[in-house]
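*Asks:* Got a predicted model here, sequence first, then my questions.
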Amino acid sequence: MGWTFGLFSLTVAAAVTFYSYFLMATVLDNCEKQGRRHIRFRELASDILGSGWMFYFVVSVQTTINMGVGVGCILLGGECVQIMYSNLDSGGQLKLYHFIIMVALIMIFLSQLPSFHSLRHINLASLVLCLAYSLTVTIACILAGRSSEAPSKDYSIKGSNLTRVFNAFSSMSILGTIFGNGILPEIQATLAPPATGKMFKGLCMCYGVISVTFYSVAVTGYWAFGNNAKSNILKSIMPDEGPTLAPTWLLALSICFVLLQLFAIALVYSQVAYEIMEKKSADVKQSIFAMRNLLPRLVLRSLYIIVCAFIAAMLPFFGDINALVGAIGFIPLDFILPMLLYNMSFKPPRNSATYWINNAIMVVFTGVGIMGTISSVRQIAIDAKRFKLFSSNAFD
């Protein structure tokens, strides 16, 4: 995307999602004041839009998001371990899918945490890990960029005009994944009412962290490697060929931080899928640790992680998966639906700025979502031509 359009798109995505999540919190609070408390995104959408099909639409989109995040986290985790392994033992025989299996086994163990509430300490640790990872990667990128062995920097945008357009929409879809949430009502349901003020404070803290972490890594990573930067920046710092461009201990620390962060992200997003799967299998009259509930939970959650790991190992398209999940999942749920729900709930006057801002965002990001879907599917088709199942390397 280049310096100008890249930073502009990053800022727009941050501003729109902040606004979107505040509207969502306001809508949820308004429903609660009217005696209709919703703790699930699908129930909120179905109630306000008054359409049964909307319930299943949101369930489908959330399932896509949850599965995509699970696949992406397991794939990225396996790739990070592989990077360190290759650096320590360049002639090692282990393949990417071996590391994916290792990460999946840890995920199966952690997946047995019963609910959102039981993840509260993990969420706090995730915040600290996010800051720590960003700090170590930013330092590593600066050291890499200043290294005498660093590759030459090229900030031009490659490809034909058509390729540039498709790549731009894929990048915007990835930004949708980066800033997307998809489970905000489920998170807000853990707060005591009234929740709007608390959510606003939480959003301010969240986006304060984002402004420090996202921009620092994006700017230093692009400055250090230009258009040769990989979707996993650690692969640029520790290339397959050539010397490592930052101290190994610093990169090992970064990999530890990102692995723990990925576990936390995957656990949070998997909870919605677990809740859907266990809705009929669990007996609410018995303890969550009773054998009647423990055994189905163990089987269903383990199977879910195994399916995610199988897809990650079979189709290791990290950047492409991010783009597709953003286009068909996060953009509809986080960039379009909150504005529609707000307009339907509060019915702002047609001559008000709120009405036109909301409609403009919905129209623009509907187009971005459609074009992002086309561009990401196109890129997957291109990558598939030079790919074999269970490849030892992830594709950007």
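*Replies:* Sure thing, it's come through. Quick caveat, the model's predicted, so the values are computed rather than measured.

*Asks:* End to end on stretch 310-321, go ahead and measure it.
*Replies:* 14 Å (Cα to Cα, to the nearest Å).

*Asks:* repeat for stretch 338-356
*Replies:* Start-to-end, stretch 338-356 (Cα to Cα) is 14 Å.

*Asks:* Kindly report the same for stretch 277-297.
*Replies:* Terminal-residue distance, stretch 277-297 (Cα to Cα): 9 Å.

*Asks:* Kindly report the same for stretch 339-357.
*Replies:* First-to-last residue span, stretch 339-357, Cα to Cα: 9 Å.

*Asks:* Show me what counts as buried in the helix or strand where V268 lies.
*Replies:* Using DSSP states H and E, V268 maps to helix 248-277. Buried residues in helix 248-277, defined by neighbour count with 16 or more other Cβ atoms under 10 Å: 250-251, 253-274, 277. Heads up, the C-betas are built off the backbone N, CA and C, glycines and all.

*Asks:* try stretch 211-223
*Replies:* Result for stretch 211-223 [16+ other Cβ under 10 Å]: buried residues T213, F214, Y215, S216, V217, A218, V219, T220, G221, Y222, W223.

*Asks:* so which of those would you say is closest to G52?
*Replies:* Among the buried residues of stretch 211-223, F214 lies closest to G52 (Cβ to Cβ), at 38.0 Å.

*Asks:* pLDDT at that closest one, what is it?
*Replies:* With respect to pLDDT, F214 scores 85.

*Asks:* just F310 next, same as before
*Replies:* 90.

*Asks:* how many other residues sit next to it?
*Replies:* 17 (other Cβ atoms under 10 Å).

*Asks:* now swap in S156 and tell me
*Replies:* Residues near S156, counting by other Cβ under 10 Å: 7.

*Asks:* Could you pull out the helices in the protein for me?
*Replies:* With DSSP state H as the criterion, the chain has helices at 2-33, 41-49, 52-88, 96-110, 120-146, 161-179, 184-188, 196-225, 233-237, 248-277, 291-314, 318-325, 337-346, 353-384.

*Asks:* if we can go back for a sec, I'd like the buried residues of stretch 211-223 laid out as a markdown table, including distance to V368.
*Replies:* As requested, those are exported to a markdown table (distance: Cβ to Cβ, whole Å):
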| residue | distance to V368 |
| --- | --- |
| T213 | 23 |
| F214 | 19 |
| Y215 | 21 |
| S216 | 25 |
| V217 | 23 |
| A218 | 19 |
| V219 | 23 |
| T220 | 27 |
| G221 | 23 |
| Y222 | 21 |
| W223 | 26 |
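
*Asks:* List the contacts of stretch 216-226.
*Replies:* For stretch 216-226, contacts defined as Cβ atoms under 8 Å, 6 or more residues apart in numbering pick out 3, 6-7, 10, 134-135, 137-138, 141-142, 144-145, 150-151, 153-155, 229, 233, 236.

*Asks:* so where is the protein shaky, pLDDT-wise?
*Replies:* Along the chain, segments meeting pLDDT under 70 span 51, 90, 113-123, 182-183, 186, 188-196, 282-284, 286-290, 318, 387-396.

*Asks:* Taking the chain centroid, which residue in it is the extreme one?
*Replies:* N351 (35.8 Å; Cα atoms, centre = their mean).

*Asks:* For that one, give me the backbone phi and psi.
*Replies:* Main-chain torsions, N351, degrees, to the nearest 10: phi -100, psi 10.

*Asks:* how much space between M67 and M277?
*Replies:* M67 sits 12 Å away from M277, going by Cβ to Cβ, to the nearest Å.

*Asks:* Also V27?
*Replies:* 27 Å.

*Asks:* Can you name the residues that contact the closest residue to P247 other than its chain neighbours?
*Replies:* Counting by Cβ to Cβ, 6 or more residues apart in numbering, P247 lies nearest to L143, which is 7.4 Å off, once chain neighbours are set aside. Taking Cβ under 8 Å, 6+ apart, we find L143 in contact with L245, A246, P247, L250.

*Asks:* Pull the number of nearby residues for the third one.
*Replies:* As a burial measure, the neighbour count of P247 was computed by other Cβ under 10 Å and equals 12.

*Asks:* Please report how far it lies from S160.
*Replies:* 40 Å.

*Asks:* same deal with the last one?
*Replies:* For L250, the distance to S160 equals 38 Å [Cβ to Cβ].

*Asks:* before we move on, what about N66?
*Replies:* In terms of Cβ to Cβ, N66 sits 36 Å off from S160.

*Asks:* that older thread, out of the contacts of L143, who's nearest G35?
*Replies:* Among the contacts of L143, and counting by Cβ to Cβ, the member closest to G35 is L250, at 54.3 Å.

*Asks:* so the closest one makes contact with I142?
*Replies:* No - the criterion here is Cβ atoms under 8 Å, and L250 misses it with I142 at 10.9 Å.

*Asks:* Just the CA atoms of stretch 58-77, as CSV, please.
*Replies:* Presented in CSV, the C-alpha positions along stretch 58-77 are these (Å, rounded to 0.1, in the frame of the first residue of the first chain):
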residue,chain,number,x,y,z
VAL,A,58,-24.7,-13.6,12.3
VAL,A,59,-24.1,-17.2,13.5
SER,A,60,-22.6,-18.1,10.2
VAL,A,61,-20.3,-15.0,10.1
GLN,A,62,-19.2,-15.5,13.7
THR,A,63,-18.5,-19.1,13.0
THR,A,64,-16.4,-18.1,10.0
ILE,A,65,-14.5,-15.6,12.2
ASN,A,66,-13.9,-18.0,15.0
MET,A,67,-12.7,-20.8,12.7
GLY,A,68,-10.5,-18.4,10.8
VAL,A,69,-9.0,-16.9,13.9
GLY,A,70,-8.4,-20.4,15.3
VAL,A,71,-6.7,-21.6,12.0
GLY,A,72,-4.7,-18.4,11.8
CYS,A,73,-3.4,-18.5,15.4
ILE,A,74,-2.4,-22.1,15.2
LEU,A,75,-0.7,-21.6,11.8
LEU,A,76,1.2,-18.4,13.0
GLY,A,77,2.2,-20.1,16.2
